[in-house]
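1. When you get a sec, could you give me coordinates for this:
(4 chains)
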2 protein chains.
Amino acid sequence: MIKIFIVDDHQIVCQGLEALLRDISEIEVVGCASDIPNLMSQIKGHYIHICVINVYETNEEEIEKIKQLKREVPNMNLLILSMSRSKDFILKTLKAGAKGYLTKDADRSELIEAIYTIRGGYDYYAKPITNIILKNYLRETDAEHQLQDQKEKSLSTREVEVLKLFGQSLTNKQIADKLFISVRTVESHKTNVMKKLNLKTTVDLVKFAIKNNIIEI
Amino acid sequence: MIKIFIVDDHQIVCQGLEALLRDISEIEVVGCASDIPNLMSQIKGHYIHICVINVYETNEEEIEKIKQLKREVPNMNLLILSMSRSKDFILKTLKAGAKGYLTKDADRSELIEAIYTIRGGYDYYAKPITNIILKNYLRETDAEHQLQDQKEKSLSTREVEVLKLFGQSLTNKQIADKLFISVRTVESHKTNVMKKLNLKTTVDLVKFAIKNNIIEI
DNA sequence: TAACTGTTTGCGTGAAACACGGAAATTCAT
DNA sequence: ATGAATTTCCGTGTTTCACGCAAACAGTTA
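-> Now for the predicted structure:
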């Protein structure tokens, strides 16, 4: 019996995924959680083979949560389900410890195949993903030449933190007080973010943050 | 027999929702689509009672798609499924023609309840939503008293013009040059807009402009 | 262990943007 | 033609931004 746990923000989707696996005698869906923190509190004491995680946000925060989950429950295999085809994001989830990755085009049979594959000790990546991974691998080994312009700059946790408060319309002073740092540091974080993302104005920064769900609109 | 169509970006989620409704004899899931444009091309000639739409993005674009769908297929009822609890967004979907709205906390039974309710000719809103709608209604009807401070201060054409350029990430200098006015005038327009709308920061201004389609994201 | 990379923290300086208040010229409807 | 709103602009002081620099620290790799 393969014990599965499901993580999805929408309860209906959780139940739906569960329903998809219900009539497979070898698979048992042990439970559902709305997010990774909830998951961790729910699975204490239980042994789970595979956790299917539907990842909606594709930001650094989510990656961080996956890493943390892997640290806390290292023997549980993670199967990521996400709409993102960003090479960057996919590779990050794999690096964070995921054993498989399904895109939005995957269907029930692919989900089941992934579960069996992972249970068998192998990694499973949806077909469109293998290409991406392969290409990236080729490029990375080839990349010693052109490292400088592709450098996939991701934001640090502190930077995201500052960006979040900034998006809540706080002034630099207010952000500084909240994080117990100086105004200059807040400025530094902001300008570093702008440099990393190659943004020129505050407006661009706000747009970026909105697009990436760092701030609410 | 209630004929249902499902719209969700993730194929697995589509299948999951379908599985949730499979063993209800009165409900038939006719098909699935990954988005609204796909839906429209798929349902030509079919009569669908209810379309369950899982909305991931909560922007103006999605609202526009819903409106368009309602125009093209006016007799099909729309049940929105979304994680957003933004009063603004919910009211927009309802205004766009949706007959129901479920939040991420809704489960299978609530989905089924919603389907039956809508089939009966009524609207269905998840419990957390009714509060939001009610509050907003009260505020709107109550607003006749306090019209003077709510005063629908509309923006002048020049102000919108400045705002648009501002939203294209131009500096005040660039805006000034483009409109053949001084930088100070640009500043004035901006601050006047902020005063009119009671906004405090640039971030708020950008958010406002995005919400109101003055600038593109 | 040493070297390297990246994060977090901060400063100096000058330019740009913003807050607040005032004000003249123009348009536009009553 | 008088009043209201719009469009234009300035003075003054504060805040934020751009650009560069750098120390302290953590994690990784050689």
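2. quick one, phi psi at residue A:4?
-> Main-chain torsions, residue A:4, degrees, to the nearest 10: phi -120, psi 140.
3. Now do the contacts for it.
-> A:21, A:27, A:28, A:29, A:30, A:48, A:49, A:50, A:51, A:52, A:115 (Cβ atoms under 8 Å, 6 or more residues apart in numbering or on different chains). (C-beta placed from N, C-alpha, C; glycine too.)
4. Could you list the low-confidence segments of chain A?
-> A:85-88, A:127-153, A:211-213, A:217 (pLDDT under 70).
5. Who are the packing partners of the host helix or strand of residue A:81?
-> Residue A:81 belongs to strand A:77-82 when assigned by DSSP states H and E. Applying 3 or more Cβ pairs under 8 Å, 6 or more residues apart in numbering or on different chains; DSSP states H and E, one finds that strand A:77-82 contacts strand A:50-55, helix A:60-72, helix A:87-96, strand A:100-102, helix A:108-119.
6. any chance of the contacts of residue A:4 in TSV, with distance to DNA strand D and neighbour count too?
-> Listed next are the contacts of residue A:4 as TSV, based on distance: Cβ to the nearest atom of the strand, whole Å; neighbours: other Cβ atoms under 10 Å in any protein chain shown:
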residue	distance to DNA strand D	neighbour count
A:21	35	21
A:27	34	20
A:28	35	13
A:29	33	20
A:30	31	17
A:48	25	18
A:49	26	18
A:50	25	22
A:51	22	24
A:52	26	27
A:115	29	23
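7. Contact partners for the residue of chain A found nearest DNA strand C?
-> Closest residue of chain A to DNA strand C, Cβ to the nearest atom of the strand: residue A:156 (2.7 Å). Residue A:156 makes contact with residue A:60, according to Cβ under 8 Å, 6+ apart.
8. Distance of it relative to DNA strand D?
-> 12 Å (Cβ to the nearest atom of the strand, to the nearest Å).
9. about what we covered before: so which of the helices and strands packed on strand A:77-82 is the most packed in?
-> Between the helices and strands packed on strand A:77-82, strand A:100-102 has the highest mean count of neighbours, a mean of 26, where neighbours are mean count of other Cβ atoms under 10 Å in any protein chain shown.
10. And that strand, what does it pack against?
-> strand A:77-82, helix A:87-96, helix A:108-119, strand A:124-125.
11. So what touches that strand?
-> A:77-82, A:90, A:93-94, A:110-111, A:114, A:117-118, A:123-126, A:129, B:12.
12. same question, stretch A:67-76
-> Counting by Cβ under 8 Å, 6+ apart, A:5, A:36, A:39-40, A:43, A:47-51, A:78, A:96-97 sit against stretch A:67-76.
13. redo that, cut-off 6 Å
-> A:36, A:40, A:48, A:51, A:96, A:97 (Cβ atoms under 6 Å, 6 or more residues apart in numbering or on different chains).
14. Reformat these as TSV; add distance to DNA strand C.
-> Formatted as TSV, the contacts of stretch A:67-76 follow (distance: Cβ to the nearest atom of the strand, whole Å):
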residue	distance to DNA strand C
A:36	20
A:40	22
A:48	30
A:51	27
A:96	15
A:97	19
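15. Can you name the two of those residues that sit furthest apart?
-> Across those, the longest distance by Cβ to Cβ is 17.3 Å; it joins A:48 and A:96.
16. Which one, of the helices and strands packed on strand A:77-82, ends up nearest to residue B:167?
-> Relative to residue B:167, the nearest member of those by Cβ to Cβ is helix A:60-72, separated by 26.4 Å.
17. Can I take it that residue A:30 is in a helix?
-> No. Residue A:30 sits outside any helix when classified using DSSP: H, G, I helix; E, B strand; the rest coil, being strand.
18. so who does it touch?
-> A:3, A:5.
19. Could you rerun that using 7 Å?
-> A:3, A:4, A:5, A:46, A:48 (Cβ atoms under 7 Å, 6 or more residues apart in numbering or on different chains).
20. Quickly note the distance from the residue of chain A closest to DNA strand C to residue B:33.
-> Distance, residue A:156 to residue B:33, using Cβ to Cβ, to the nearest Å: 39 Å.
21. Perfect, I'm done here.
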